[in-house]
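A.B. asks: predicted model and sequence follow; I will ask about them next.
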Amino acid sequence: CSKGRRGGRGCRSNMGESGVAAMAVTYQKFDPAAYLQYNYTSPRADFERQDSVVPWKLACLHRAFTEGDIEGDLLIDVGSGPTLYQVLSGCEIFNKVLLTDFVEANRQELKRWLQGEGGSLDWTPYIQHVCKLEGRSPCTWKEKAARLREVVSDVLPIDVHQAQPLAPEGLPPQGADCLVSCFCLESVSPDLDTFTKALGHISTLLRPGGHLLLIGALQESYYLGGPDLRIPVVPLNEAQVCAALQDQGFSLIRLEVYTLPQDMKVGVDDVCGVFFVKARKILKEDVRATR
Ligand SMILES: Nc1ncnc2c1ncn2[C@@H]1O[C@@H](CSCCNC[C@@H]2Cc3ccc([N+](=O)[O-])cc3CN2)[C@@H](O)[C@H]1O
């Protein structure tokens, strides 16, 4: 996992632009069912294992949403993919949740679950696990599923490479109170410069003082988005993630890192670790105070 730096600041924007266009074509072949099978079944999603990566992610999200500083009405999940684990804790805090993705097949996968039509993965064990984290019986998972279906108001198209990633209709003028985004930005950016710009674009969706919860891959250079679909990823280290957050006007609250045990490396990517970031969009008065 000692990959060199790639996509450093010296990248010219036209390399990023052509890479972004190529990425958009690649993602039209994304296979939600295969992706869910690769990443959201055992061993990566083994709720009996203390060192499984999905329980680690759910614990990070539960702690971040429930420690008392996150509040408001609107939570936006950026680049949801075909997954909804990322809003299982947030749905108890927010009365309105927007799921978003670039690929129609992913939006359809989410809509099928929201409409109670099932889908490619049974999310019950995930919902039961988060119920346990919340100190409630796993038997209340149906109530939690109903809460999630109640608060998710839409599943919208998004493009993080646009200065305005979401259509403005339906967004409050002041922005969302919280953003969550998991494994998206580094998986859709050909280089570090494009990753950093995409972070700036999604920041425009968030009100000043609002929180960002970002989960992503460390030192990943590719992953399988389908049986024959190898998707390039910009390899990131912690310092590059922190620099991008600072560049784009976020103050870091917490960075946690999960290092994959060997048996979590199942051949669907070359990811070495996963980062969890809790950050806050700097308020103008914060800037004055630091001068
Ligand atoms: N321009 C765009 N704007 C917004 N979203 C876009 C855009 N283009 C594509 N998208 C959308 O973003 C994508 C998000 S899924 C990206 C997958 N990331 C890599 C994968 C994930 C993963 C999961 C779990 C674990 N683990 O260790 O347990 C490791 C890893 C590392 N490999 C996808 O939904 C696409 O549809």
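C.D. replies: Sure, I can see it. Residues are numbered from 1 along each chain as shown.

A.B. asks: would you mind listing what in the stretch 101-250 of the chain touches the ligand?
C.D. replies: For the stretch 101-250 of the chain, the residues in contact with the ligand (Cβ under 6 Å from any ligand atom) are 101-103, 106, 158-161, 183-184, 187-188, 217, 220, 223. Every C-beta, even on glycine, is put in place using the N, C-alpha and C of the backbone.

A.B. asks: in strands only, show me the residues you listed.
C.D. replies: Asp101, Ala217, Tyr223 (DSSP state E).

A.B. asks: would you confirm that the second one contacts Leu185?
C.D. replies: So that's Ala217. No - checked against Cβ atoms under 8 Å, the pair Ala217 and Leu185 is beyond contact range at 10.0 Å.

A.B. asks: those two: which has the busier surroundings?
C.D. replies: Leu185 (28 against 24; other Cβ atoms under 10 Å).

A.B. asks: on the three-state scheme, the closest residue to the more buried one other than its chain neighbours is what?
C.D. replies: Leaving aside its sequence neighbours, Leu185 sits nearest to Ala198 (Cβ to Cβ, 6 or more residues apart in numbering; 5.0 Å). Following DSSP: H, G, I helix; E, B strand; the rest coil, the label given to Ala198 is helix.

A.B. asks: tell me who's in contact with Ala198.
C.D. replies: Each residue near Ala198 by Cβ atoms under 8 Å, 6 or more residues apart in numbering is listed here: Val160, His161, Leu185, Val188, Ser189.

A.B. asks: ok so, going back, closest to Gln37 out of the residues of the stretch 101-250 of the chain next to the ligand?
C.D. replies: Proximity of those to Gln37 (Cβ to Cβ) peaks at Tyr223, which lies at 13.0 Å.

A.B. asks: centre of the chain versus stretch 109-122, how much separation?
C.D. replies: Between the centre of stretch 109-122 and the centre of its chain there are 19 Å (Cα atoms, centre = their mean, to the nearest Å).

A.B. asks: what's that stretch in contact with?
C.D. replies: 32-33, 36-37, 40-41, 80, 82, 84, 99, 101, 123, 148-149, 152, 155.

A.B. asks: just put the ones in strands among the residues of the stretch 101-250 of the chain next to the ligand in TSV and tack on pLDDT.
C.D. replies: What follows is those, written out as TSV (pLDDT from 0 to 100):
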residue	pLDDT
Asp101	98
Ala217	98
Tyr223	98
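
A.B. asks: for the ligand, see how far away the residue lying closest to Ala59 once chain neighbours are set aside is.
C.D. replies: Using Cβ to Cβ, 6+ apart and skipping the chain neighbours, the partner closest in space to Ala59 is Leu133 (6.6 Å). Leu133 is 18 Å from the ligand, where distance means Cβ to the nearest ligand atom, to the nearest Å.
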